[in-house]
Each structure stands twice: as C-alpha cells, then as structure tokens.
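Trainee: okay, sequence plus prediction incoming.
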Amino acid sequence: MPELPEVETTRRGLAPVVENRSIQRAVVRHRGMRLPVPQGLEQRLAGARIEALTRRGKYLLFNCVPAQGKPGALIVHLGMSGRLWLVDSATAPQKHDHFDLVIDSGRVIRLRDPRRFGLVLWQPGDALAHPLLAAMGPEPLTADFDGPMLYRETRPRSAAIKLVIMDSHVVAGVGNIYANESLFRAGIDPRTPARRVSQARCARLAQEIKTVLGEAIDAGGSSLRDYVGSDGMAGHFQNRFFVYGRAGEPCMRCGTAIRELRQGQRATCYCPRCQNR
DNA sequence: CCGACAACCTGTGAGC
DNA sequence: TGCTCACAGGTTGTCG
C-alpha cells in the first residue's frame, strides 16, 4: 500500500502527536513480521522519550531516548499492506493489529498489517546505521538526487529504466505507482535500457520523480483499497494517476489505449504513443 | 553484474 | 454461493 508519499503523510500526521512525548508502553501482539519483532522491545520502549519522528525512504524512524540505556531508533516499515494510525485507547485491537505505541498523552499509535511484510525493529544509536538503511540511495526529494546523479548511476546499467528507478540503492522510496507515473510524465518507455536514457531525459526523469512525489504528498498520498492517513482521512492522489491501473483506458494526453506489461513481476502501465525509448 | 523467480502473508475480485 | 486463481502499495535472497 504505502509508497513514499503515504509514509510521509503518515509521518506528518503522527509527528505532532509523538514528538517530545514519552511512550507509556508498547504492545506487541504478533512478532512474525518480515523480520521478527525483537524480543525485549517492549521493555526498551517503556518510558522512552520520542525526540523526533523522521523518514528515510519508506522507513519511519522514531528517534528515542529510553528511560534506561542508550538512545536509538524504533524503525517501522509498512510493507505492502501496513498502516499506522491514531486510535483511542479504548479501541479494541482487531485481527491484524500487531503493534501499539501507547503515548503518555493516552493516545495510541496502532500498526495494522494483514500481510505482515512490514517491519518493527530497534536500532541502537543512529537509525541510518541499520544495514537495511545504510546502503540506500539518496532521498528523491533532496538535492543530492538530481539529473546528473541519475545519469551517472544509469550509465553502467543495462536493466530497464523502470527497474533502476525502483532500486532503493539508486534512489530511495520510488515504488511501483510513482515509477509508472514519473516515466509517463517524462515521456520515457519503461523498458528502455537505463544506459540508453540520455542526459537530458535523465534530468527530466529526476525532475518528474520529485514533482510527482511532491504532488502526491500534498494530496495526502494515494488511497488504494483501504489506505488512510494517520488521522483516518483518505488521500486523493489516486484520482490523478495518468497510467497506473488504467490499462485499456485512453491516455489522458493523446487518447491511445494505455498498455500493461510485467517487469520484475510488477505491473507496468504506459502509453505506447507518449512514451518512447 | 543481470534477469528471472521465489519467498514472506493475507485479502479481494474475477471467472466459472 | 462457493471454489480456484491471479494479483496487490515492498524487499531480500537464490540460481543460472
């Protein structure tokens, strides 16, 4: 469900609720996430103060100072089906509600993740030192990701450009929806070998990735199936997709039928007329 | 290094 | 209604 804009929307919704507050207790109901939720996490978090809620790619980082022990970060990833939202302390947990953070204000941050592809981890010290985060490429919305950087990264790569921009080692947080949408906006065929995308088109693509992610964040993310923000409100960027989920429908720019194919076991949607190699 | 594929797990919708 | 199958926002790991 969540790509970078949905994770950022969640972060913005939760930050004012958790920053500079303490965790009263943490509740783990199911440790079987993509990786096991660490034993002892509840004890570590009880009484910890949350200094900041930040994001790296699609990872949410609760930077904590525990009551005892050294500072560290609670790392949460929402996987495919996770969502993190605020509930009232009286709200009974449901089937797939695997984790709660009870804040001293009495508010509860609840993780629901039916598929359990998500993660709940603890990293001592700087969260960015965690192996899953350390090897990540730049944030797409900051200045260290730009056309020249993308051009450099794509030179040695023969893989399709769509697979390359979805590779978190190249740039963090570009998932299937926004990869499709940014390639449409940039007018690039998703199958183009990365090394054959020109300097000018790399610049355009980097810009379109920033633009589409920014617009999606401003729209509160995309609500597919049951995604809602931390406040329970649905995002509405899904109404502004040009190609994702529109196979067979007319291109909004030229009217040609949008096509769908598979790349890396993921659906790729594109306009055969507006997007070229 | 690359691509193809499987794996993790559950829910949903389409087709029969 | 109910069964089976394909597929879904992500990521890692293996194999040839």
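Mentor: Noted; the coordinates are in hand.

Trainee: would you check how far apart residue A:38 and residue A:69 are?
Mentor: Distance of residue A:38 to residue A:69, computed by Cβ to Cβ, to the nearest Å: 13 Å. Bear in mind the C-beta positions are built from the backbone N, C-alpha and C, glycine included.

Trainee: residue A:45 too?
Mentor: 11 Å.

Trainee: who has more neighbours, the two?
Mentor: Neighbours were tallied for residue A:45 and for residue A:69 using other Cβ atoms under 10 Å; the higher tally belongs to residue A:45 (25 against 12).

Trainee: quick one, what contacts that one?
Mentor: Counting by Cβ atoms under 8 Å, 6 or more residues apart in numbering, residue A:45 touches A:23, A:25-26, A:64, A:66, A:74, A:101.

Trainee: any of those buried? List them.
Mentor: A:23, A:26, A:64, A:66, A:74, A:101 (16 or more other Cβ atoms under 10 Å).

Trainee: which of those residues fall within strands?
Mentor: A:23, A:26, A:64, A:74, A:101 (DSSP state E).

Trainee: from these, which is closest to residue A:270?
Mentor: Distances from residue A:270 to these, taken as Cβ to Cβ, are shortest for residue A:74 (38.5 Å).

Trainee: what sits against the closest one?
Mentor: Contacts of residue A:74 by Cβ under 8 Å, 6+ apart are A:41, A:45, A:61-62, A:64, A:101, A:120-122.

Trainee: next one: residue A:73
Mentor: So residue A:73 contacts A:61-64, A:122-123, A:126-127, A:130 (Cβ under 8 Å, 6+ apart).

Trainee: residue contacts, residue A:238?
Mentor: Counted by Cβ under 8 Å, 6+ apart, residue A:238 has contacts A:222-224, A:245.

Trainee: which members of the residues you listed additionally contact DNA strand C?
Mentor: Contacts with DNA strand C within the contacts of residue A:238, as defined by Cβ under 7 Å from any atom of the strand: A:222-224.

Trainee: just to revisit the earlier point, mind putting the ones in strands among the buried ones among the contacts of residue A:45 into TSV with distance to DNA strand B?
Mentor: Formatted as TSV, those follow (distance: Cβ to the nearest atom of the strand, whole Å):
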residue	distance to DNA strand B
A:23	27
A:26	21
A:64	27
A:74	21
A:101	22
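
Trainee: filter the ones next to DNA strand C among the contacts of residue A:238 down to the buried ones, PyMOL style.
Mentor: Those of those that count as buried under 16+ other Cβ under 10 Å are selected in PyMOL with:
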select buried, chain A and resi 222+223+224
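
Trainee: need the ones next to DNA strand C among the contacts of residue A:238 in CSV (columns: secondary structure and pLDDT).
Mentor: CSV is the format used below for those (DSSP: H, G, I helix; E, B strand; the rest coil; pLDDT from 0 to 100):
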residue, secondary structure, pLDDT
A:222, coil, 85
A:223, coil, 77
A:224, coil, 72
